[in-house]
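K.L.:
The following block contains a protein sequence and its predicted model.
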Amino acid sequence: MPAASPAVAEPILELKFGQVGIANLKLFVNDAQALQAELAAKVAAAPQLFGRAPLVLDLSRDSPLLNAPDGDNSEPTLTARIGRSMADAGVRVAVGRSDELRRPYQSARDDASDPRVVHLGIDLFVEPGMMVHAPIAGMVHDSGTSKSALGFGPAVVLRHQTGDGTAFFTLYGHLDREAPIVCPPGRVVAPGAQLGRIGTPDVNGGWTPHLHFQIIVDLLGLGRRFPGMGRLTQRDAWRELCPNPNRVLGIPVLS
């Protein structure tokens, strides 16, 4: 058993403001409400580093941010647009909502008639290179790098358990190349342990630099390949499988 990773002294910034098509979704769901309550109780306290609340971005399919006159939402154009919004608001962190209906995410395996549009986690937009810390104790269940365009890029999945021994998972996507190296499966992590840094677009799957944070009740055998977007026809099921991440992050503007 690897030794527990020591908690870091630096403030826990990111987490205080803290893709696979599934044809037949099977549920192995415990009491999601009880789980969320226990998650909130487990969160390590961390100082608030900003005088202002983070900016909440509208990333829905009809968002003005994604429907600019130039129609270009590719990297680096969208990154510059989000950066300007953050600068205008005077913030260092911007947030993308969980359960938001977004533009369709499709891979070659997806059914175009029932695309994935429901965002299953919370996005935290920050400068690339910023460190991500574990919000609660756990063990690395899976880690690695997706080579798919607009995938998670380097990602880490932690396994946790409730007081009665029930397992649940947290997923951290769009990290840097070092994250899977410093987080091999089996590594024990303490609250505040370093997991990796926010990746640049050439590494993180081609996205504006951000952390995708997701809570998962059951991985359905998918590990780090668990989807970050779900089908609208299965929205209620995904809500049960992926409880609201803000129960851990505690972002006031999303409460």
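P.N.:
Sure, I can see it.

K.L.:
which residue ranges form the strands in the stretch 51-200 of the chain?
P.N.:
Ranges of strands within the stretch 51-200 of the chain are 55-57, 94-96, 101-105, 116-119, 122-125, 131-133, 138-145, 154-161, 167-173, 188-189, 194-197, based on DSSP state E, counting those that start in this stretch.

K.L.:
any idea how far the residue sitting nearest the centre point of the chain is from residue 171?
P.N.:
Central residue of the chain (C-alpha atoms, centre = their mean): residue 213, 1.8 Å from the mean position. Residue 213 is 7 Å from residue 171, where distance means C-beta to C-beta, to the nearest Å. All C-beta atoms are positioned from the backbone trio N, CA, C, and that covers glycine.

K.L.:
Also residue 241?
P.N.:
Distance, residue 241 to residue 171, by C-beta to C-beta: 12 Å.

K.L.:
quick one: the helices in the protein?
P.N.:
Using DSSP state H, the helices of the chain run over 32-42, 77-89, 179-182, 235-241, 246-249.

K.L.:
Flag the shaky bits of the stretch 151-255 of the chain, pLDDT-wise.
P.N.:
Within the stretch 151-255 of the chain, the segments meeting pLDDT under 70 span 255.

K.L.:
Apply 90 and report the result again.
P.N.:
Residue ranges of the stretch 151-255 of the chain with pLDDT under 90: 161-167, 190-193, 240, 243-255.

K.L.:
Kindly report the same for the stretch 1-150 of the chain.
P.N.:
Counting by pLDDT under 90, the stretch 1-150 of the chain has low-confidence residues at 1-54, 61-62, 66-75, 91-93, 103-116, 131, 133-137, 147-150.

K.L.:
before we move on, back to that, who touches both of residue 241 and residue 171?
P.N.:
Contact criterion C-beta atoms under 8 Å, 6 or more residues apart in numbering; residues shared by residue 241 and residue 171: residue 216.

K.L.:
The residue in the chain sticking out farthest from the centre and residue 78: what is the separation?
P.N.:
In the chain, the residue that sits farthest from the middle, by C-alpha atoms, centre = their mean, is residue 69; the gap is 29.0 Å. Residue 69 sits 14 Å away from residue 78, going by C-beta to C-beta.

K.L.:
Bridging across strands, which residues link to the spatially closest residue to residue 178 that is not a sequence neighbour?
P.N.:
Closest residue to residue 178 apart from its sequence neighbours, by C-beta to C-beta, 6 or more residues apart in numbering: residue 196 at 5.9 Å. Using DSSP bridges, the beta-bridge partners of residue 196 come out as residue 132.

K.L.:
from memory residue 196 sits against residue 187, does it?
P.N.:
No. Contact criterion C-beta atoms under 8 Å: residue 196 and residue 187 do not qualify, at 11.8 Å.

K.L.:
Pick out whichever of the two has more residues nearby.
P.N.:
Using other C-beta atoms under 10 Å as the criterion, residue 196 and residue 187 rank with residue 196 on top: 24 against 21.

K.L.:
The residue lying closest to residue 104 once chain neighbours are set aside - how many residues pack around it?
P.N.:
Counting by C-beta to C-beta, 6+ apart, residue 104 lies nearest to residue 115, which is 3.5 Å off, once chain neighbours are set aside. Applying other C-beta under 10 Å, we find 16 residues neighbouring residue 115.

K.L.:
quick one: residue 115 from residue 222, how far?
P.N.:
Distance, residue 115 to residue 222, by C-beta to C-beta: 19 Å.

K.L.:
Kindly report the same for residue 100.
P.N.:
Distance, residue 100 to residue 222, using C-beta to C-beta: 22 Å.

K.L.:
higher neighbour count, the two?
P.N.:
More neighbours surround residue 100 than the other of residue 100 and residue 222, with 18 against 15 (other C-beta under 10 Å).

K.L.:
Quick check: bridge partners of the closest residue to the more buried one other than its chain neighbours?
P.N.:
Closest residue in space to residue 100, ignoring its immediate chain neighbours: residue 119 at 4.6 Å, by C-beta to C-beta, 6+ apart. Counting by DSSP bridges, residue 119 is bridged to residue 229.
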